[in-house]
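> Next come a sequence and a model predicted from it.
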Amino acid sequence: MLELYLVSDRSWLNDRPLEEDIEQAILGGVTMVQLREKNLTDEEFTIQAKKVKTICSKYHIPFIINDNVAVALAVDSDGIHIGQDDQPVKRVRKIIGPHKIIGVSAHNLKEALAAKEDGADYLGVGAMFNTSTKDDATAVSFTQLHEITTKIGLPVVAIGGINQDNCLLLKGTKIDGIAVVSAIMSAPDIKEAAAKLKAHARGIYD
């Protein structure tokens, strides 16, 4: 599920519909999609989310909403991903119910342990490398990542500046997947970029 986790970024669209780019990414091998929309109203976010959900459902790909519980409920997404500054996991769980997926961003062992105790289903850990897609990203060392993957007992997806050139540096960290934004979304051929990245990243798990 987490092997190649796509986080959306409409800044790369070049007038193309977001849902079309996401479909190309899925055709290239993306295994999970997170819709992140920081600059849309809830109404606009919901409209976009419904379009993306239709694509994800077509290919049986888990569809996750970033941060926004109201939108997640409105479109009946498969789950939600929340950060350290968002609503607490326990509160989100009560709102969205026991069967939805909850992912939580973690930057160290303490945050990861708290997320697990509160009922998170998976962790997003990073930023592993320099990234231009998130201005407030907190750097995480490979040692911290390995500590989380070996001590917490939850699936972990690494995120932050990951691309085809550096992804194999994550070999040995025992992650379950990589989350990417620009490595796929900025490519002229999104399907091809996803396929090449997925094939290259298999070396992480060998």
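Here it is on my side, so go on.
> Look up the pLDDT of Thr133 for me, please.
On pLDDT, Thr133 comes in at 59.
> whoops, Asp9 was the one
The model's pLDDT for Asp9 equals 91.
> how much space is there between it and Lys191?
With distances taken as Cβ to Cβ, to the nearest Å, Asp9 is found 17 Å from Lys191. From N, CA and C alone the C-beta is placed, and that goes for glycine too.
> What of Gly103?
For Gly103, the distance to Lys191 equals 25 Å [Cβ to Cβ].
> more neighbours, the two?
Gly103 (27 against 18; other Cβ atoms under 10 Å).
> Please list all residues in contact with the more buried one.
34, 64, 79-82, 120-124, 157 (Cβ atoms under 8 Å, 6 or more residues apart in numbering).
> how does it look with 6 Å?
81, 122, 124 (Cβ atoms under 6 Å, 6 or more residues apart in numbering).
> in what helix or strand does it lie?
strand 101-106 (DSSP states H and E).
> Tell me where this protein has strands.
Secondary structure of the chain, counting by DSSP state E: strands at 4-7, 32-35, 63-66, 79-82, 101-106, 122-125, 156-159, 177-180.
> Can you name the residues that contact Ala194?
Applying Cβ under 6 Å, 6+ apart to Ala194 gives the contacts 25, 28-30, 184.
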